[in-house]
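Asks: generate a structure from the sequence data that follows.
(one chain, ligands or ions: 2)
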Amino acid sequence: MKKIKVLKPVLVSNQQRALENRKVFDHMKSLVINIIASPGAGKTSFIKRTVKQFKNRYKVLVIEGDIKGQIDSKTISKLGVDVIQINTVTECHLDAFMAAQVLPKIKKRYDLILVENVGNLVCPAEFEIGEDYKLAILSTPEGDDKPLKYPLLFHLAKVVVINKVDLLPYLDFNTEKAKKGIRQDNPKAIIFDVSSKTGTGFAAVFRHLEKELDAKKKKNKG
Ligand SMILES: Nc1nc2c(ncn2[C@@H]2O[C@H](COP(=O)(O)OP(=O)(O)OP(=O)(O)O)[C@@H](O)[C@H]2O)c(=O)[nH]1
Ligand SMILES: [Mg+2]
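Replies: Ligands and ions are numbered 1, 2, ... in the order given. Got it, this is the predicted structure:
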């Protein structure tokens, strides 16, 4: 039997589609953040806090990627921002072609588009969707060794959020070890320690996002 290698062509054509999506997002003048983490790491909780902070001053859209259902979409909709659901059915990640299908549904201009990828630490990192950058979330119960065991995401992410720091007293999680693991492959990573439950650490996250939104605005004017 002959084996056919398809991974590279699939990723190459995804990359091409992602570049086309990127042009559309750039034309819309939106900052697009691809949020990637394991199931339950706190993606939706992070988005909730961010939406509450920015929704009154910026136009925010959330794109929810899930294998099935609309649980997170319903949660975010209650905050009064627009939400688009993508159900991937069998796929463990969003890809550029799925994102492309969403583009015609975006009828307004948004300053900030937050994309919650499917809960998975591996596959979503391999597929660009046309985002400005990836934001990885690592939650403390997962263990401080995860950046070394699942390096691609932590290598590619511009921002890494260490979430659930309120649980540190009950865990063996060594924050410095986790940060060393992230910086080993990604020395420029911007790392935040937060608790989406208590709000600890979010002031710094919001300052970062504010700067990114500002930079996007200036780029669009120039
Ligand atoms: N203690 C604590 N719990 C948290 C924190 N952030 C999220 N949680 C809880 O963790 C669980 C999962 O949070 P979600 O925000 O739904 O995680 P998610 O990554 O969106 O999950 P999926 O979409 O299913 O992959 C929920 O019970 C949250 O209340 C935190 O900082 N501290
Ligand atoms: Mg979620």
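Asks: mind listing what residue 77 touches?
Replies: residue 83 (CB atoms under 8 Å, 6 or more residues apart in numbering). C-beta here means a position set from N, CA and C on the backbone, and glycine is covered the same way.
Asks: any idea how far it is from ligand 1?
Replies: 15 Å (CB to the nearest ligand atom, to the nearest Å).
Asks: show me where this structure has its helices.
Replies: 7-28, 43-54, 71-77, 96-102, 123-126, 146-149, 151-156, 175-185, 202-221 (DSSP state H).
Asks: reformat those helices as CSV; add mean pLDDT and distance to ligand 2.
Replies: Shown next, in CSV, are the helices of the chain (pLDDT from 0 to 100; distance: least, CB to the ion, whole Å):
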stretch, mean pLDDT, distance to ligand 2
helix 7-28, 88, 22
helix 43-54, 98, 3
helix 71-77, 97, 4
helix 96-102, 95, 17
helix 123-126, 96, 13
helix 146-149, 98, 18
helix 151-156, 98, 16
helix 175-185, 97, 21
helix 202-221, 93, 17
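Asks: out of those, which comes closest to residue 35?
Replies: With CB to CB, the closest approach to residue 35 among these belongs to helix 43-54: 5.2 Å.
Asks: what pLDDT does the residue lying closest to residue 105 once chain neighbours are set aside get?
Replies: Computed as CB to CB, 6 or more residues apart in numbering, the closest residue to residue 105 that is not its neighbour in sequence is residue 84, at 5.7 Å. What the model reports for residue 84 is a pLDDT of 96.
Asks: ditto for the one 3 residues further on
Replies: pLDDT for residue 87: 95.
Asks: and residue 35, how far from residue 78?
Replies: To residue 78, residue 35 is 19 Å away according to CB to CB, to the nearest Å.
Asks: would you mind listing what in this structure touches ligand 1?
Replies: Within the chain, the positions near ligand 1 by CB under 6 Å from any ligand atom are 37, 39-45, 72, 119, 163-164, 166-167, 195-197.
Asks: that older thread, the residue nearest to residue 105 bridge partners, please.
Replies: Counting by DSSP bridges, residue 84 is bridged to residue 63.
Asks: count of neighbours near it?
Replies: Neighbours of residue 84 under the rule other CB atoms under 10 Å: 16.
Asks: cool, the one 4 residues further on as well?
Replies: Other residues near residue 88 come to 17 when the count uses other CB under 10 Å.
Asks: ok, now residue 110?
Replies: Residues within reach of residue 110, counting by other CB under 10 Å, total 20.
Asks: list the contacts for the residue of the chain found nearest ligand 1?
Replies: Of all residues in the chain, residue 119 sits closest to ligand 1, at 2.7 Å by CB to the nearest ligand atom. Contacts for residue 119 (CB under 8 Å, 6+ apart) come out as 37, 38, 39, 40, 41, 43.
Asks: and if we set it to 7 Å?
Replies: Applying CB atoms under 7 Å, 6 or more residues apart in numbering to residue 119 gives the contacts 37, 38, 39, 40.
Asks: next, format these as CSV and append pLDDT and neighbour count.
Replies: Shown next, in CSV, are these (pLDDT from 0 to 100; neighbours: other CB atoms under 10 Å):
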residue, pLDDT, neighbour count
37, 98, 27
38, 98, 20
39, 98, 9
40, 98, 13
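Asks: between the residues you listed, which is closest to residue 213?
Replies: Closest to residue 213, out of all of the contacts of residue 119 and judged by CB to CB, is residue 37, at 21.9 Å.
Asks: is the spatially most central residue of the chain bridged to anything, and to what?
Replies: In the chain, the C-alpha nearest the mean C-alpha coordinate belongs to residue 35, at 0.9 Å (CA atoms, centre = their mean). Beta-bridge pairing of residue 35 under DSSP bridges involves residue 116, residue 135.
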